[in-house]
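Novice: Only the shape, not the letters, is given here:
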């Protein structure tokens, strides 16, 4: 009876539990915006909300110019996704920090969002049909720090194409930021269509930087009487306009820094992650530390190396290639540098890592700051000894092998030997295949037919400390690849192959523990799955595609 009552109470509890509210994302196409300039507010939901949205709360702070709704469906990893989107073109009624209030979609609500509305009105002649404005976000900037140059092309006539000259400045690194933004604005009561393009400037020398006029050449449609071509076609007229020159004061490197340690940014964050949260491993097994440095308002080339920290004695290090990434948004560059370092201890004990600190200059506050990671420790437990019957009598501590692991020549000898054996097995296979017609039967060894089987053999060989089987499994698994090249790219795998080669080809018997090779192989698979390619190429779209 009590069990039934408990089940009833559970069911009733479920029935009374409110359903989770649907998440409705809110974003704007740019921030900040200006008075008399339109911007787009977007809402998106991955499911159908409770009801249609009520946009009336927006009318208190904004003028609603246009509304659109769209939906798209897709299949991702075998699951259906259905996304609803609403796009509203708005124009702010007052300057300052303005709150976009939560919007009700029936019982579902969007999240509020703050935007900054500038009171700036373009200092342009409103009598022209075409206007070009160049503006800097700051009158002064530190050397190698970020300043943002905005180019705004205003027009109230129809065009066929336009060509914008790119800014060219000596001793300045220039990066285009994101895609061009299109919106409308009013100048002295006149409606203009606007296309805005932004650049991040990183001056490399202190002093006065003069940004010369930037020009745009446009083809304008002319429908005036007497200016038509054959069959009443409109003719075009070429117009060229220029922006006004502007100056930027470049400040020298701040006191307390020099060219070797100067890192200027708007914000900076230093984080770390360990592959083992318990911070405990066994001797001979790797533990990986991932360090990531993220900075806003600087380039990835300015970020310092992180793996130069002091390494405790008794640890071998195997650093991966650093992952470098840059994001280019309308508010500037955000750069990140990620480094992964695998550590292997050959003896049990406690290993202490010192504090890691990155000194940088905050361009927003004008102050020197230090990002720190506290000192930390890892515990290394004694290794679990696993030996095959044939090698049990000759087993040695794994620490006796560490003296040979740094021998680069042994690595290439091992790889060459493995490749040579692979060629030999291939030749033997084809010779036996060609002599099948001989009356005397030939018994061939059974070789696996897939990488999955070779992987299983490698795992078993490593766990049971059988180097001959491990060699055969490696040759089979990497048969279609350049083994030497792969080993060269993954230092942890290189160290494990060196140990295997010592066990196979050393003049005197060497005990082999396969756990290092298996952990290195798993690390290789993990790196292969999670690897990302940093694309440095960028296509500059013609200006006319967005202004026609």
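Specialist: It's in. Computed from a prediction, not measured in an experiment: that's the story for all the values here.
Novice: Beta-bridge partners for the residue positioned nearest the centre of the chain, please?
Specialist: Geometric centre of the chain, nearest residue: residue 325, 5.0 Å, by CA atoms, centre = their mean. Judged by DSSP bridges, the bridge partners of residue 325 are residue 336.
Novice: and stretch 147-167, how far apart are its ends?
Specialist: This stretch, stretch 147-167, spans 14 Å end to end (CA to CA, to the nearest Å).
Novice: tell me the mean pLDDT over stretch 219-238?
Specialist: Within the predicted structure, the mean pLDDT of stretch 219-238 is 61.
Novice: now stretch 468-479
Specialist: Mean predicted confidence for stretch 468-479 is 81.
Novice: in it, what counts as buried?
Specialist: Using 16 or more other CB atoms under 10 Å as the test for burial, stretch 468-479 gives 469-478. Just so you know, the C-beta spots here come from the backbone N, C-alpha and C atoms, and that holds for glycine as well.
Novice: Report how many residues lie close to residue 246.
Specialist: 16 (other CB atoms under 10 Å).
Novice: Quick check: closest non-adjacent residue to it.
Specialist: residue 211 (5.0 Å; CB to CB, 6 or more residues apart in numbering).
Novice: Wasn't residue 476 part of a helix?
Specialist: Yes - the assignment for residue 476 by DSSP: H, G, I helix; E, B strand; the rest coil puts it in a helix.
Novice: For the stretch 301-450 of the chain, just list every one of the helices.
Specialist: 408-434 (DSSP state H, counting those that start in this stretch).
Novice: residue ranges for the strands of it, please.
Specialist: 315-319, 323-329, 332-345, 349-353, 356-362, 367-373, 376-381 (DSSP state E, counting those that start in this stretch).
Novice: Tell me which of the ones you listed approaches residue 88 most closely.
Specialist: strand 323-329 (21.6 Å; CB to CB).
Novice: returning to that earlier point: which member of the buried residues of stretch 468-479 is positioned nearest residue 164?
Specialist: Within these, proximity to residue 164 (CB to CB) peaks at residue 478, which comes in at 51.2 Å.
Novice: which residues does that closest one contact?
Specialist: By CB atoms under 8 Å, 6 or more residues apart in numbering, the contact list for residue 478 reads residue 486.
Novice: what's the closest non-adjacent residue to residue 369?
Specialist: Nearest to residue 369 is residue 362, by CB to CB, 6+ apart, at 5.1 Å.
Novice: number of nearby residues for the one you found?
Specialist: 15.
Novice: most tightly surrounded among the strands of the stretch 301-450 of the chain?
Specialist: Comparing these by mean neighbour count (mean count of other CB atoms under 10 Å), strand 332-345 comes out on top with a mean of 21.
Novice: re the thing from before, now do the residue nearest to residue 246 against residue 150, distance only.
Specialist: Distance, residue 211 to residue 150, using CB to CB, to the nearest Å: 12 Å.
Novice: which residues of the stretch 1-150 of the chain fall in helices?
Specialist: Counting by DSSP H, counting those that start in this stretch, the helices of the stretch 1-150 of the chain are 2-16.
Novice: any chance you could map the strands in the stretch 151-300 of the chain?
Specialist: 159-164, 172-187, 190-203, 207-211, 215-222, 235-242, 246-251, 264-265, 267-274, 280-282, 286-296.
Novice: and the second one, which residues are buried?
Specialist: For strand 172-187, burial by neighbour count (16+ other CB under 10 Å) applies to 172, 175-177, 180-181, 183-185, 187.
Novice: which strands and helices sit next to it?
Specialist: Here strand 172-187 touches strand 38-45, strand 147-155, strand 190-203, strand 323-329, strand 332-345, helix 544-547, going by 3 or more CB pairs under 8 Å, 6 or more residues apart in numbering; DSSP states H and E.
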